[in-house]
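Asker: here's a sequence, model it:
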Amino acid sequence: MNVGCFMTQPISVIARSLVRERQRTGLSLAEIARRAGIAKSTLSQLEAGNGNPSLETLWSLCVALDIPFARLLEPQVQKTQVIRRGEGTKVVAEQAH
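Answerer: Numbering: from 1, shown residues only. Take a look at the predicted model:
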């Protein structure tokens, strides 16, 4: 049984989601914090995986980021791409050793 996703602390999932969504918007830490009505230091701590945010704080961040609340709780899925021999871009090094 794969329990890896169940072993991840919720604050870690939220932290990665906050960083991912803030980067997606292209807005600064200060701007998202201002829009959410929280201190920049609070948002910084949450993005670092520290703290115990209230539902109200998380809701405010979702509004500021223009995302559904559930997106904060979605673990990021690693995308895997298979490239078979003969497919993809050929890379040639001029001075390979």
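
Asker: for residue 89, see how far away residue 39 is.
Answerer: Counting by C-beta to C-beta, to the nearest Å, the separation of residue 39 from residue 89 is 46 Å. Placement of C-beta: from N, CA and C, glycine included.

Asker: neighbour count winner among those two?
Answerer: With neighbours defined as other C-beta atoms under 10 Å, residue 39 and residue 89 compare such that residue 39 has more, 12 against 5.

Asker: now the more buried one: closest residue in space, sequence neighbours ignored.
Answerer: Excluding the flanking residues, the one nearest residue 39 by C-beta to C-beta, 6 or more residues apart in numbering is residue 33, at 6.3 Å.

Asker: and that neighbour, which of the three is it?
Answerer: Three-state assignment for residue 33 (DSSP: H, G, I helix; E, B strand; the rest coil): helix.

Asker: hang on, it packs against residue 40?
Answerer: Yes - if you go by C-beta atoms under 8 Å, residue 33 and residue 40 touch, sitting 4.3 Å apart.

Asker: just the pLDDT for residue 79.
Answerer: Model confidence at residue 79, given as pLDDT, is 73.

Asker: count the neighbours of it for me.
Answerer: Counted with other C-beta under 10 Å, residue 79 comes out at 5.

Asker: sec struct for it, please.
Answerer: Criterion first, three-state DSSP; result for residue 79: coil.

Asker: for it, which residues are in contact?
Answerer: Counting by C-beta atoms under 8 Å, 6 or more residues apart in numbering, residue 79 touches no other residue.

Asker: how near is it to residue 36?
Answerer: 29 Å.

Asker: please apply the same query to residue 26.
Answerer: 16 Å.

Asker: try residue 28
Answerer: 13 Å.

Asker: of the two, who's got more company?
Answerer: residue 36 (20 against 11).

Asker: per-residue confidence at that one?
Answerer: Reading off the model, residue 36 has pLDDT 98.

Asker: Three-state assignment for residue 53, please.
Answerer: Classification of residue 53 using three-state DSSP returns coil.

Asker: can you count the residues close to it?
Answerer: 19.

Asker: neighbouring contacts of the lengthiest helix in the chain?
Answerer: If you go by DSSP state H, the chain has its longest helix at helix 10-25. Outside helix 10-25, the residues that touch it by C-beta under 8 Å, 6+ apart are 29, 32, 43, 46-53, 58, 61, 65-67, 71-76.
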